[in-house]
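*Asks:* structure, please.
(one chain, ligands or ions: 2)
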Amino acid sequence: MQLIQQDSTMAATAANKVSEVATRGLADGIDALDWQRLSDELGGHGHAIIPSLLQPKQCSALADLYASKDLFRSRVVMSRHGFGRGEYQYFKYPLPELVGSLRRALYPHLAPIANRWNELLRIDVRYPSEHQEFIARCHEAGQLRPTPLLLQYEAGDYNCLHQDLYGEHVFPLQVAVLLSQPGRDFSGGELVLTEQRPRMQSRAEVVPLEQGDAVVFAVHHRPVQGTRGIYRVNMRHGVSRLRSGHRHTLGVIFHDAT
Ligand SMILES: O=C(O)CCC(=O)C(=O)O
Ligand SMILES: [Fe+2]
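*Replies:* Ligands and ions are numbered 1, 2, ... in the order given. Now for the predicted structure:
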């Protein structure tokens, strides 16, 4: 018994070490990305793809967390709210190491982009350079509940076009990581972004993602250069109907919820 316990403690410690090393590598990898290119893509199109942000093993480990009810603060069955079909769960604090470090490591690169967007849109809000500081702002305003989430879809499921706004404080960019492999694990189920320009019809983009790819996109608004200056484009995102299989996504939203 004693031996078994020691073994499992050792296994847990080893697993933690592995995950520590893996997540440290992840933060370094994020720092080393071509943020100029990502920022240009975001400016031009309202979204940017980060290929292979997570390895297939990390993706399946994250998708497997869906079954661990204790890790989550709430579960939403989309059809009950008119949000679509499928379900998702919001993580509790403390977030799993990988999720927490993704949020922490991505934020400092996105904050300068968010600040530039606000400058262009003549919005007074500026974002601090560290995520912890921004979270403190959310918490002071009563936005205390964590927003990173895991989504789960099966054949016939879809996610209606929406915006992830959860209170007064909004960080204008968010990230989604596709945890399943199109073609192998599922078909259909494409991430769709729409933008609505003043006095124009809405326009859609389908974001082609492979397992482990992340997409950074605008939560709510983005600035677009027009012939008569900068104007504000209203953005929404959703997922088209899954034709077959199973699909999991990790959503990383940087503001907390009321
Ligand atoms: O499943 C997806 O690709 C979209 C997820 C989503 O709505 C989100 O991450 O906020
Ligand atoms: Fe969303």
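*Asks:* which residues does residue 221 bridge with?
*Replies:* The residues paired with residue 221 through beta bridges, assigned by DSSP bridges, are residue 234.
*Asks:* so it makes contact with residue 234?
*Replies:* Yes - using Cβ atoms under 8 Å, residue 221 and residue 234 qualify as a contacting pair, with a distance of 6.1 Å. C-beta coordinates here come from the backbone N, C-alpha and C atoms, glycine included.
*Asks:* tell me which of those two has more neighbours.
*Replies:* Under the neighbour definition other Cβ atoms under 10 Å, residue 221 and residue 234 were set side by side, and residue 221 has more, 20 against 15.
*Asks:* that one and residue 192, how far apart?
*Replies:* 18 Å (Cβ to Cβ, to the nearest Å).
*Asks:* residue 256 is in contact with residue 144, correct?
*Replies:* Yes - the pair residue 144 / residue 256 is scored as a contact, 6.1 Å apart, by Cβ under 8 Å.
*Asks:* what touches both of these two?
*Replies:* By the contact definition Cβ atoms under 8 Å, 6 or more residues apart in numbering, residue 144 and residue 256 are jointly contacted by residue 138.
*Asks:* out of everything not next to it in sequence, what's closest to the closest residue to ligand 1 within the chain?
*Replies:* Closest approach between the chain and ligand 1, counting by Cβ to the nearest ligand atom: residue 251, at 2.6 Å. Leaving aside its sequence neighbours, residue 251 sits nearest to residue 149 (Cβ to Cβ, 6 or more residues apart in numbering; 4.6 Å).
*Asks:* quickly list what the one you found is bridged to.
*Replies:* Beta-bridge partners of residue 149, counted by DSSP bridges, are residue 90, residue 251.
*Asks:* which residues touch it?
*Replies:* Shown in contact with residue 149 (Cβ under 8 Å, 6+ apart): 88, 89, 90, 91, 250, 251, 253.
*Asks:* so between residue 144 and residue 256, which is more surrounded?
*Replies:* Neighbour count, other Cβ under 10 Å: between residue 144 and residue 256, residue 256 has more, with 23 against 14.
*Asks:* wait, the more buried one touches residue 142, no?
*Replies:* No - the pair residue 256 / residue 142 is not scored as a contact, 9.5 Å apart, by Cβ under 8 Å.
*Asks:* residues of this protein that sit close to ligand 1?
*Replies:* Counting by Cβ under 6 Å from any ligand atom, the residues of the chain close to ligand 1 are 151, 159, 164, 176, 191, 237, 239, 249, 251.
*Asks:* pick the one among those closest to residue 100.
*Replies:* Using Cβ to Cβ, residue 251 comes nearest to residue 100 of the residues of the chain next to ligand 1, at 14.1 Å.
*Asks:* tally of neighbours for residue 254?
*Replies:* 27.
*Asks:* just give the nearest non-adjacent residue to it, would you?
*Replies:* Across the structure, with Cβ to Cβ, 6+ apart as the measure, the residue nearest residue 254 apart from its sequence neighbours is residue 171 (3.7 Å).
*Asks:* how about the secondary structure of the one you found?
*Replies:* Three-state secondary structure (criterion: DSSP: H, G, I helix; E, B strand; the rest coil) places residue 171 in coil.
*Asks:* so who does it touch?
*Replies:* 107, 110, 114, 127, 134, 219, 253, 254, 255.
*Asks:* please apply the same query to residue 37.
*Replies:* Taking Cβ under 8 Å, 6+ apart, one finds residue 48 in contact with residue 37.
*Asks:* quick one: it and residue 43, what's the gap?
*Replies:* Noted for residue 37: a distance of 11 Å to residue 43, by Cβ to Cβ.
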